[in-house]
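A.B. asks: Structure here, sequence nowhere to be found:
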């Protein structure tokens, strides 16, 4: 049995595709602007989740709007997903990239930023594999870089002063969770939209990984409690969460 909400979403999806067709085939700038206006509420909803982290909400919304524009321009009509589903990871990715770039206290080349971002998971993986801390040479080999580049990336890490997106809005240590930053306005609606958007990607994950993501992002449980419930180490749970999110991101792109 279909509900009124389902019909409304179906109509919105058809209207979005018609506007996208006008953008692609006829270069209709008014259709593009209309698409932006239709999906700005989504941008605002996602931007609110990153409020209170040292950046004005208006600036975060503007950055998210850039992600929306990129999604509109890149969307292929052959895709069997809605524009909302496709735009969500693009908007979130643009916001996170903004925070990451703003976090460098001094100007650091993009290549070194990216290399530095790969260091921690690589070192963690090598430590687990080798049973000891890896050498600079071993890290370099795993990253496809030179030892000099690895040392430089380690050194410039001291220039990175960003507030973690997993920290509390006040930047305090403790048990606070980024989920606390989500406002209570229209919570049920936002969660319903998220479930619809993420359903295709969640469906490809094994049951255990889906349950771990549910406990983390729906129940808001810390990784230590999840580890106790599923009988794994906290490090293993952390790796599974990162891997599952990467798989979902690839599926949604």
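C.D. replies: Looks like it arrived, so ask away. Bear in mind that the values here come from a model prediction, so they are computed numbers and not experimental data.

A.B. asks: Pull out the buried positions in the host helix or strand of residue 85.
C.D. replies: Assigned by DSSP states H and E, residue 85 belongs to helix 83-102. Under the neighbour-count criterion of 16 or more other CB atoms under 10 Å, helix 83-102 has 83-95, 98-99, 102 buried. Yep, even glycine has a C-beta here, placed from its N, CA and C like the rest.

A.B. asks: what does stretch 61-71 give?
C.D. replies: The neighbour-count check on stretch 61-71 (16+ other CB under 10 Å) flags 61, 63-69, 71 as buried.

A.B. asks: and if you look at stretch 33-49?
C.D. replies: Neighbour-count burial for stretch 33-49 flags 34-35, 39, 42-43, 45-49 (criterion: 16+ other CB under 10 Å).

A.B. asks: now stretch 131-147
C.D. replies: Within stretch 131-147, the residues that qualify as buried by neighbour count (16+ other CB under 10 Å) are 134, 138-140, 142-143, 145.

A.B. asks: hmm, which two among those are most spread apart?
C.D. replies: The distance between the two most remote of the buried residues of stretch 131-147 (CB to CB) is 13.2 Å, for 134 and 145.

A.B. asks: so what's the nearest residue to residue 91 once chain neighbours are set aside up against?
C.D. replies: Using CB to CB, 6 or more residues apart in numbering and skipping the chain neighbours, the partner closest in space to residue 91 is residue 67 (3.9 Å). With contact set as CB atoms under 8 Å, 6 or more residues apart in numbering, residue 67 has these partners: 43, 87, 90-95.

A.B. asks: For the helix or strand hosting residue 67, the averaged confidence score.
C.D. replies: Secondary structure assignment for residue 67, by DSSP H and E: helix 57-74. Mean pLDDT, computed over helix 57-74, is 88.

A.B. asks: Quick one: the helices in the protein, in order.
C.D. replies: 4-26, 29-48, 57-74, 83-102, 110-130, 136-143, 147-156, 187-202, 207-213, 223-230, 234-252 (DSSP state H).

A.B. asks: can you tell me which of those the model trusts least?
C.D. replies: Among the helices of the chain, helix 187-202 scores lowest, at a mean of 52.

A.B. asks: from the buried residues of stretch 61-71, which two are the most distant?
C.D. replies: 61 and 71 (15.1 Å).

A.B. asks: how many neighbours does residue 28 have?
C.D. replies: When neighbours are counted by other CB atoms under 10 Å, residue 28 registers 15.

A.B. asks: For it, give its distance to residue 90.
C.D. replies: Distance, residue 28 to residue 90, by CB to CB, to the nearest Å: 21 Å.

A.B. asks: and residue 137, what does it touch?
C.D. replies: Here residue 137 is in contact with residue 147 (criterion: CB under 8 Å, 6+ apart).

A.B. asks: Could you number the chain from 9 rather than 1 from now on?
C.D. replies: From this message on, residue numbering opens at 9, which makes the last subject residue 145.

A.B. asks: Any figure for the gap between it and residue 133?
C.D. replies: Going from residue 145 to residue 133 by CB to CB gives 16 Å.

A.B. asks: so which of the buried residues of stretch 69-79 would you say is closest to residue 26?
C.D. replies: Each of these was scored against residue 26 by CB to CB, and residue 79 proved nearest at 17.0 Å.
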